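Engineer: just coords:
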């Protein structure tokens, strides 16, 4: 691995072994540890992703709690190189007994578990089965983010997955986590811009045979004039899931109701028909 360089550009040797004691909220980067499990985000990888083995992850605190997972802020940085540092969102899924995602069985209809031991454990709801279930939600979101990011949908870049922890791009505005759309009252011209972006994103999902499944103004971040879709572990298979069309209609209703309440003249049924015409 090449040695990091100071701001002046002169190379120097940084002895990572000298950093032999980490703080209570630190760990060595798990980037290389997950490599053999094909658990890295898609290529081309953004330049800001820190991949050096000598990087240290530092816990910065809780960002938000959710129905099935909590999101923390984690800084991944190379000691001695200020330019190789990034703050990530670390989404950590809870095991079944510690989460309240009570509709999970309906969302996962049509999905398959490749490992037969895992499938048996899931069916029997053993300790291993509960761990597998939590991991499946993380894998489902990592897979959805990877595919959507690769097709150009505005989602956070998924950096890596390690068991039930998903590290992803932190969507920020001026160095602070971006607000949810539900928190804002944009003017009509910005509302129109946001809805156009959302319709395009939902169209790409539909062409892949997917619905978000839990879409609302609370699962959309506003990064300036850019709208970003988040919270995607429950992405629904429109063909394989018997309730797929119902989830798509609910997504249309939820988002259209929010935009209509703020003055935009749109129709949820027209949006649903448009998406159905594109569904793969």
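Structural biologist: Sure thing, it's come through. Keep in mind it's a predicted model, so treat the numbers as computed, not measured. Numbers count the residues shown, from 1 in each chain.
Engineer: Spell out which residues make up each domain of this structure.
Structural biologist: Domain ranges of the chain: 28-170, 176-278, per automatic domain parsing.
Engineer: Any chance of TSV for those domains, columns mean neighbour count?
Structural biologist: C-beta: built from backbone N, CA, C; applies to glycine. Below are those laid out as TSV (neighbours: other Cβ atoms under 10 Å):
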stretch	mean neighbour count
domain 28-170	17
domain 176-278	18
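Engineer: In a markdown table: those, plus mean pLDDT and distance to residue 22.
Structural biologist: What follows is the domains of the chain, written out as a markdown table (pLDDT from 0 to 100; distance: least, Cβ to Cβ, whole Å):
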| stretch | mean pLDDT | distance to residue 22 |
| --- | --- | --- |
| domain 28-170 | 81 | 7 |
| domain 176-278 | 96 | 25 |
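Engineer: which residues of the chain fall in strands?
Structural biologist: Applying DSSP state E to the chain gives strands spanning 26-28, 56-65, 69-77, 85-93, 158-162, 165-169, 172-173, 176-177, 210-211, 220-223, 226-229, 236-237.
Engineer: one step back: dump the domains of the chain into JSON lines; add distance to residue 21 as well.
Structural biologist: Shown next, in JSON lines, are the domains of the chain (distance: least, Cβ to Cβ, whole Å):
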{"stretch": "domain 28-170", "distance to residue 21": "11"}
{"stretch": "domain 176-278", "distance to residue 21": "30"}
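Engineer: hang on, isn't residue 69 packed against residue 90?
Structural biologist: No - using Cβ atoms under 8 Å, residue 69 is not in contact with residue 90, being 9.8 Å away.
Engineer: Residues touching stretch 192-210, excluding its own?
Structural biologist: 144, 147-148, 151-154, 181, 186, 211-212, 215, 220, 222, 225-227, 229, 235-239, 248, 251-252, 255, 259, 264, 266, 271, 274-276, 278-280 (Cβ atoms under 8 Å, 6 or more residues apart in numbering).
Engineer: make it 7 Å
Structural biologist: Under the contact criterion Cβ atoms under 7 Å, 6 or more residues apart in numbering, stretch 192-210 has outside partners 151, 153-154, 186, 211-212, 225, 227, 229, 235-239, 255, 259, 264, 266, 271, 275, 278-280.
Engineer: From those residues, which land in helices?
Structural biologist: When these are checked against helices (DSSP state H), the matches are 255, 259, 271, 275, 278.
Engineer: Mind picking the two most distant members of the residues you listed?
Structural biologist: Maximum pairwise distance in these, criterion Cβ to Cβ, is 19.9 Å, between 259 and 278.
Engineer: thinking again about what came up before, take the ones in helices among the contacts of stretch 192-210 and write them to TSV, including distance to residue 176.
Structural biologist: Output for the ones in helices among the contacts of stretch 192-210, formatted as TSV (distance: Cβ to Cβ, whole Å):
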residue	distance to residue 176
255	25
259	25
271	32
275	33
278	36
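Engineer: tell me the contacts of residue 62?
Structural biologist: Shown in contact with residue 62 (Cβ under 7 Å, 6+ apart): 70, 72.
Engineer: actually residue 235, sorry about that
Structural biologist: 140, 144, 210, 212-213.
Engineer: next one: residue 256
Structural biologist: Taking Cβ under 7 Å, 6+ apart as the criterion, residue 256 is in contact with 266, 268, 271.
Engineer: Give me the distance between stretch 27-43 and the centre of its chain.
Structural biologist: 16 Å (Cα atoms, centre = their mean, to the nearest Å).
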